[in-house]
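fold the following, please.
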Amino acid sequence: MVICNRATKNRAFIFKSLALAFLTSCASTTPIPKAWMSVPETPAVAAVTPSTDGPIRHENGRLYRGDKPITDAFAAIDSFDYSESRDEVIFSAKKGASFDIGLAAGDGSLTNWLPADAEDELAVQWAPRGNKVSYIVRTRLGDIVRTFHIPTSFQFAVDFGTATIRSLTWDAPAERYTVVYSTLDSSERTESLRYDGTARRIEAQPKTTIAADVIPFAADAFALRPRDLRYSEKLPLVVWIADRFTWSDARASLMQNARAASIVVTRAPDEAFWKSVRETAWLDPSRIYVVNGTGQDAINFVADARVPTGRYLRKGNVVAAAPAAIQSVAAGFITEQLKRTSRTNGSSQ
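So this is what the prediction gives:
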């Protein structure tokens, strides 16, 4: 019996090794053209990271003051900030399905929880004065900044739309804060506003933008549609499956160099999604590409760590590349294919 098990394991190991060797061999893969990987990275906007200096430290999902624990142990701690004047720690912890905001006494005697959202509440910090805290609510459709006045529980929520916020910093009087964020159609920008959401102004414009309208398309999906869409034109469609509605240099390169529509969706497309595609007059259901997933009658781009760096593999309607390269490979591959198969005058024929 032992011999049989060993033989079975050996056969499985040999089969797996042969399959892996076939997949990753240079003979079965193709070098990625340099042009596909030369998409310039939009420089990040300078941002200040709030300091968590003070007597509090974090270890294994728990906050400590010296060697004394001041909170329970949680699945994870996202962020925390200590107020010396209040001798309290505001923190973001995963105590259930999502991250919630807690307020702990500096001596560990008491922990209270702020009213919770269903989504993750992250990047918590004290304002420099005024007993206010701020944090980011990371919803399925974009980020919200919430400010909370601890003594009165008075709060403001500012919706930044389909945006991903990278940083938030307060001014010294704690009357305004500044955020750095990106959206589906623009790289990072800097915007400042009063804590109640008024008097908003752009401090630094995005370095790169896409000339496209961002429109809701289906559940958890937004479409990027060229603004100069011609009458009766049908556009090839690129479906990008992503964790967040955020900027992508590769997607921007595709839309700047080829005429197509992009739909960004944060979950695997279902039949209702594909029904919407078929019923949308300005989309061509015969020319569909799916990045980071698979779709009906589409060319699909999937990340596969087994594919050697600098190469890609095409088998039928599936194109595979290393995870770090898959978006660039998809954008370059699709751009080349659309340039070869472009139709005149926007015709679908």
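
shouldn't A252 be within a strand?
No: with DSSP: H, G, I helix; E, B strand; the rest coil as the criterion, A252 is assigned helix and is not in a strand.

how about it: what's its closest non-neighbour residue?
Closest residue to A252 apart from its sequence neighbours, by Cβ to Cβ, 6 or more residues apart in numbering: I210 at 5.4 Å. Using the backbone N, CA and C atoms, a C-beta is placed for each residue, glycine as well.

return the residues in contact with that neighbour.
By Cβ atoms under 8 Å, 6 or more residues apart in numbering, I210 lies in contact with L184, D185, S186, L224, R251, A252, M255, Q256.

cool, R227 as well?
A211, A212, D213.

show me just the buried residues among the contacts of I210.
Taking 16 or more other Cβ atoms under 10 Å as the criterion, what is buried in these is L184, D185, S186, L224, R251, A252, M255.

could you tell me which of the residues you listed belong to strands?
When those are checked against strands (DSSP state E), the matches are S186, L224.

and the buried ones among the contacts of I210, which is closest to V307?
Lowest distance from V307 to the buried ones among the contacts of I210 (Cβ to Cβ) belongs to R251, with 20.9 Å.

relative to R189, how far out is the closest one?
Using Cβ to Cβ, to the nearest Å, R251 is found at 17 Å from R189.

and for P69?
Per Cβ to Cβ, P69 is found 41 Å from R189.

now swap in D159 and tell me
For D159, the distance to R189 - Cβ to Cβ - is 16 Å.

now swap in E41 and tell me
Distance from E41 to R189, counting by Cβ to Cβ: 16 Å.

ok, these two, which is more surrounded?
Legend: neighbour count by other Cβ atoms under 10 Å for E41 and R189, higher for R189 (19 against 8).

for the more buried one, which three-state class applies?
State at R189, reduced to three classes by three-state DSSP: strand.

wait, it sits on Q205?
Yes: between R189 and Q205 a contact is recorded at 6.0 Å, counting by Cβ atoms under 8 Å.

okay, how far is it across stretch 179-195, tip to tip?
One end of stretch 179-195 to the other measures 11 Å (Cα to Cα, to the nearest Å).

before we move on, what about stretch 295-311?
One end of stretch 295-311 to the other measures 23 Å (Cα to Cα).

quick check: phi and psi on W274?
W274 adopts backbone torsions of phi -70, psi -30, taken as degrees, to the nearest 10.

how about it, what does it touch?
G295, Q296.

just the pLDDT at it, thanks.
You'll see W274 listed with a pLDDT of 92.

where does pLDDT dip in the stretch 201-349 of the chain?
341-349 (pLDDT under 70).

how about the helices in it?
For the stretch 201-349 of the chain, the helices defined by DSSP state H, counting those that start in this stretch cover 249-257, 271-279, 326-341.

next, the buried residues of the second one.
For helix 271-279, the buried set under the neighbour-count rule, 16+ other Cβ under 10 Å, comprises F273, W274, S276, V277.

and for the longest one?
Buried residues in helix 326-341, counting neighbours by 16+ other Cβ under 10 Å, are found at I326, Q327, S328, V329, A330, A331, G332, F333, I334, T335, L338.

which secondary structure elements does that helix contact?
Applying 3 or more Cβ pairs under 8 Å, 6 or more residues apart in numbering; DSSP states H and E, one finds that helix 326-341 contacts strand 235-241, helix 249-257, strand 283-291, strand 299-303, strand 318-321.

so which of those is nearest I32?
Judging those by Cβ to Cβ, what sits closest to I32 is strand 318-321, at 7.0 Å.

mind splitting the chain into its structural domains?
Listed domain ranges for the chain are 56-204, 210-341 (source: automatic domain parsing).

as CSV, those domains with distance to T30 would be great.
Converted to CSV, the domains of the chain look like this (distance: least, Cβ to Cβ, whole Å):
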stretch, distance to T30
domain 56-204, 30
domain 210-341, 6
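
can you say which of those is nearest to M37?
Proximity to M37 (Cβ to Cβ) singles out domain 210-341 among these, at 5.2 Å.

I'd like the distance from that closest one to the chain centre, please.
16 Å (Cα atoms, centre = their mean, to the nearest Å).

strands of the stretch 51-200 of the chain, residue ranges please.
All strands of the stretch 51-200 of the chain, identified by DSSP state E, counting those that start in this stretch, fall at 56-59, 62-65, 68-69, 76-83, 88-94, 99-105, 111-113, 120-126, 132-139, 142-149, 154-159, 163-170, 176-183, 186-194.

buried stuff in stretch 161-169?
Within stretch 161-169, the residues scored as buried using 16+ other Cβ under 10 Å are T162, A163, T164, I165, R166, S167, L168, T169.

for the record, mean pLDDT for that stretch?
On average, stretch 161-169 scores 93.

all set, thanks.
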